[in-house]
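Participant: quick one: sequence and predicted model below, then my questions.
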Amino acid sequence: MECSGIILIAINLVFMIIGLAVLIMGIVFKVNFEPIKDAFVEQSDKTDFNLEAAGSTLALGLIILGVFIVLVALLGCSGACCKSKILLVVYAIIVMILLIAEIAVVAVALVKGKDAENKLKEGLADSLEKYHENGDDALSKAFNAIWSTFECCGIDSYTDFKNGNITGFKFDSKNPQENIPVGCCKNVNYEAAPNINFTQYQDCLNGPTKDNAYLTGCYSDLKNTITHYSTVSIGVGIFIFVVEVIVIIAAFCLCSRDEGYRA
């Protein structure tokens, strides 16, 4: 087999593994995002960027992308192994279309990415106004999940609640100290929020410390998480871009061969 064919098969086997990894990552992200997505309530009247929809769309997009990568990789391997020019041409065209689409997605991401960062704090503040300490509504449970998952509280810090920085929020009558929401105390079972025993967390509610409560704000944690994944995505994107150019050239090199290759 020609060197181009070996390269094409080897790269597509790697891409098949990458596709499976992306698929699994999308499924994991969707499972982990579901409990907290309701914290990002739709603010369509204030902005054209919906954080809640963006998270759900990202998870679904990763799943679809993973399946797509696996199928395209199979097509490339089949074309090279079976020495079929038709399969190789179809494969090369699909990869070129994908290449163009990736460039468009990157352009949109660069434009919208800054908007998402700017609207993150505003979205958190607007959502927290509707948060209830022992509420069983989706939004309250979502924030309790965020407190626990990211080990954070409030927006800039846990003092946002006490200082009245979140104007619409009101402490529950069972929490007269009004220092910190009970959901920001450590080891709270947020799944059973309506049945939380406030007296069980009196030490935390009376005097929150790093030992019994989450004190750092969630905005910086969420922002750092977004920045981290953005940096990783850029590196992966550049790598994929280069590899796609290589496989397109390899596919057309094989198509130019007459020996052993059929239309």
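Facilitator: Arrived safely, thanks for sending. Quick caveat: nothing in here was measured; it's all calculated off a predicted structure.
Participant: in what helix or strand does Ile86 lie?
Facilitator: If you go by DSSP states H and E, Ile86 is part of helix 85-128.
Participant: could you quantify the relative orientation of the helix or strand following that helix and helix 85-128 as an angle?
Facilitator: Per DSSP H and E, the first helix or strand lying C-terminal to helix 85-128 is helix 138-150. Using axes from the mean of the first three to the mean of the last three CA atoms, to 10 degrees, the inter-axis angle of helix 138-150 relative to helix 85-128 is 100 degrees.
Participant: let me see the mean pLDDT of helix 138-150.
Facilitator: The average pLDDT for helix 138-150 rounds to 83.
Participant: and stretch 214-231, by the same measure?
Facilitator: Regarding stretch 214-231, the rounded mean pLDDT is 78.
Participant: give me the buried positions along that stretch.
Facilitator: Tyr214, Leu215, Thr216, Gly217, Cys218, Tyr219, Asp221, Leu222 (16 or more other CB atoms under 10 Å). In short, each C-beta sits where N, CA and C put it, glycine included.
Participant: ok, and what's touching it?
Facilitator: Residues from elsewhere that reach stretch 214-231, judged by CB atoms under 8 Å, 6 or more residues apart in numbering: 113, 116-117, 120-121, 124, 146-147, 150-158, 160, 184-186, 208-209.
Participant: again, only using 6 Å
Facilitator: 121, 146-147, 150-158, 184 (CB atoms under 6 Å, 6 or more residues apart in numbering).
Participant: neighbours around Val14, how many?
Facilitator: Val14 has 12 neighbours, counted by other CB atoms under 10 Å.
Participant: tell me which element it is part of?
Facilitator: For Val14, the host element (DSSP H and E) is helix 3-33.
Participant: next, the angle from that helix to helix 85-128.
Facilitator: Angle, helix 3-33 to helix 85-128, by the same axes, to 10 degrees: 20 degrees.
Participant: and helix 3-33, what does it pack onto?
Facilitator: On a contact count with 3 or more CB pairs under 6 Å, 6 or more residues apart in numbering; DSSP states H and E, helix 3-33 meets helix 51-82, helix 218-255.
Participant: which one is Leu65 nearest to, not counting chain neighbours?
Facilitator: Once flanking residues are discounted, Leu65 sits nearest to Val22: 5.6 Å by CB to CB, 6 or more residues apart in numbering.
Participant: Cys152 too?
Facilitator: Spatial nearest neighbour of Cys152, excluding adjacent residues (CB to CB, 6+ apart): Cys218 at 3.9 Å.
Participant: tell me how far the residue nearest to Leu65 lies from Gly79.
Facilitator: Going from Val22 to Gly79 by CB to CB, to the nearest Å gives 22 Å.
Participant: how close does Cys196 sit to Glu133?
Facilitator: Careful, residue 196 is Ile and not Cys. As judged by CB to CB, Ile196 and Glu133 stand 7 Å apart.
Participant: related to what we said a few turns ago, in a markdown table, list the buried residues of stretch 214-231 along with distance to Ala251.
Facilitator: Formatted as a markdown table, the buried residues of stretch 214-231 follow (distance: CB to CB, whole Å):
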| residue | distance to Ala251 |
| --- | --- |
| Tyr214 | 52 |
| Leu215 | 56 |
| Thr216 | 51 |
| Gly217 | 50 |
| Cys218 | 47 |
| Tyr219 | 47 |
| Asp221 | 44 |
| Leu222 | 42 |
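Participant: from the residues you listed, pick the one nearest Val247.
Facilitator: Distance ranking of the buried residues of stretch 214-231 against Val247, using CB to CB, places Leu222 first at 36.5 Å.
Participant: surely Lys30 is in contact with Ala59?
Facilitator: Yes. Between Lys30 and Ala59 there is a contact under CB atoms under 6 Å: 3.6 Å.
Participant: between the two, which one's more packed in?
Facilitator: Counted by other CB under 10 Å, Lys30 and Ala59 do not tie: Ala59 has more neighbours, with 21 against 17.
Participant: surely that one touches Phe29?
Facilitator: Yes. With contacts counted by CB under 6 Å, Ala59 reaches Phe29, the gap being 4.7 Å.
Participant: before we move on, the earlier item: who's more crowded, Val22 and Gly79?
Facilitator: Here Val22 and Gly79 are compared on neighbour count by other CB under 10 Å; more neighbours surround Gly79, at 26 against 22.
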